[in-house]
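Colleague: next comes the sequence, and after it the predicted model I'd like to discuss.
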2 protein chains.
Amino acid sequence: MKFLDIGEVAERSGMRPSALRYYEEIGLISSIARSGLRRQFPPEVLLQLKLIAMGKSAGFSLDEISGMFGRNGAPDLPRAFLHEKADELDRQIGELAALRDTLRHVADCPAPSHMECPTFRRLVDAAGRRRSGRSTPKR
Amino acid sequence: MKFLDIGEVAERSGMRPSALRYYEEIGLISSIARSGLRRQFPPEVLLQLKLIAMGKSAGFSLDEISGMFGRNGAPDLPRAFLHEKADELDRQIGELAALRDTLRHVADCPAPSHMECPTFRRLVDAAGRRRSGRSTPKR
DNA sequence: GCTTGACCTCAAGTCGACTTGAATTCGTAG
DNA sequence: CTACGAATTCAAGTCGACTTGAGGTCAAGC
């Protein structure tokens, strides 16, 4: 019986009401009813929003996110597809780790020009070899 | 003496000439000279572009990227700042890992509704507790 | 000497993800 | 009952990161 209206969802999720309306508009979340004009959200929406936030911070588009967690926020999507996504994430994690290491190296390496430091080049090269395919959309 | 013109840089970096011009316009890279009208890029630009690509795929904006690697592509920025960026990356890696684990769990968990599966909730909750600050710009 | 192709500039367009604003409608507290 | 604040719709605006297109330049090869 405890439905939330948009203001409460906004407050608890840290998202703006306008964003929530937008998410509903594109079908990423859905309100269960209306009280008058007001949307009533089921409490699960908070969990869904957390997933959405995770996906966003991972760099996925809303489109990709709605691909990962189907309409209701918990998918009955092919396992293989999900594993594929997970593998993609693994690749991305690798890239981030490479960038992090590069940054740390740059911070600590005493060489005058990084462009000539072999360690630096190795780090950057290593990252280049791990081509994710998602990084360059190529539309 | 071996300067590259934009077509070659484009081909070797996988970026479009228009993107390279844009990057130059915003000061992310720079051509060293002109031959006639044509930009001449120094070979180091390829390395810089790799760094840029890494940063992008890590979800950083071009602005943030140019913050990480100063004007010339190799920064003389305060160490503390770079370490901070690296730590930020660590947090993001953590979030990605959580998302990946969640995805894998969802793929393999036989429970009827994930929203009620305790493992699922634990995974999502764990991700929520690691607030990066970068994930929600809050302009 | 002329064409071709790779480059140039600059303005305008696009796409995703929202935000903002104006005009309106509810529901509840006094 | 009425006023208030919180919600609503809808159109338009914004921002980042480019792309596209029109119109122009230039060196090289035929």
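Modeller: All right, it came through fine. Note that the structure is a prediction, hence the values are computed from the model and not measured. Numbering: from 1, shown residues only, chains lettered A, B, ... in the order given.

Colleague: tell me the contacts of residue A:58?
Modeller: Contacts for residue A:58 (Cβ atoms under 8 Å, 6 or more residues apart in numbering or on different chains) come out as A:89, A:92, B:59, B:95-96, B:99. Where C-beta positions appear, they are placed from N, C-alpha and C, glycine not excepted.

Colleague: just the ones of the residues you listed in helices?
Modeller: A:89, A:92, B:95-96, B:99 (DSSP state H).

Colleague: how much space between the closest residue to DNA strand D within chain A and residue B:5?
Modeller: As assessed by Cβ to the nearest atom of the strand, DNA strand D sits closest to residue A:7 within chain A, at 2.2 Å. Distance, residue A:7 to residue B:5, using Cβ to Cβ, to the nearest Å: 56 Å.

Colleague: who has more neighbours out of these two?
Modeller: The neighbour comparison of residue A:7 against residue B:5 (other Cβ atoms under 10 Å in any protein chain shown) goes to residue B:5, with 15 against 11.

Colleague: my guess is the more buried one contacts residue B:35, does it?
Modeller: Yes - using Cβ atoms under 8 Å, residue B:5 is in contact with residue B:35, at 7.5 Å.

Colleague: what are the buried residues along stretch A:23-35?
Modeller: Buried residues in stretch A:23-35, defined by neighbour count with 16 or more other Cβ atoms under 10 Å in any protein chain shown: A:23-24, A:28-29, A:31.

Colleague: which two in those are spaced the farthest apart?
Modeller: A:28 and A:31 (11.8 Å; Cβ to Cβ).

Colleague: got any residues that touch both of these two?
Modeller: With Cβ under 8 Å, 6+ apart, residue A:28 and residue A:31 have no common neighbours.

Colleague: what helix or strand is the residue nearest the centre of chain A on?
Modeller: In chain A, the centroid-proximal residue (Cα atoms, centre = their mean) is residue A:55; its distance is 2.1 Å. Using DSSP states H and E, residue A:55 falls within helix A:44-57.

Colleague: okay, buried residues for the next helix or strand after that helix please.
Modeller: Using DSSP H and E, the helix or strand that follows helix A:44-57 in sequence is helix A:62-68. Residues A:65-66, A:68 are the ones in helix A:62-68 that count as buried (16+ other Cβ under 10 Å).

Colleague: now, which of those lie close to DNA strand D?
Modeller: Among the buried residues of helix A:62-68, no residue is within reach of DNA strand D (Cβ under 7 Å from any atom of the strand).

Colleague: neighbours of residue A:95, how many?
Modeller: Other residues close to residue A:95 by other Cβ under 10 Å number 24.

Colleague: let me fix that: residue A:110
Modeller: The burial count for residue A:110: 5, using other Cβ under 10 Å.

Colleague: phi, psi of it?
Modeller: Here is the backbone geometry of residue A:110 (degrees, to the nearest 10): phi -90, psi 0.

Colleague: what does chain A have sitting close to DNA strand D?
Modeller: A:5-8, A:17, A:21, A:31, A:37-39, A:139.
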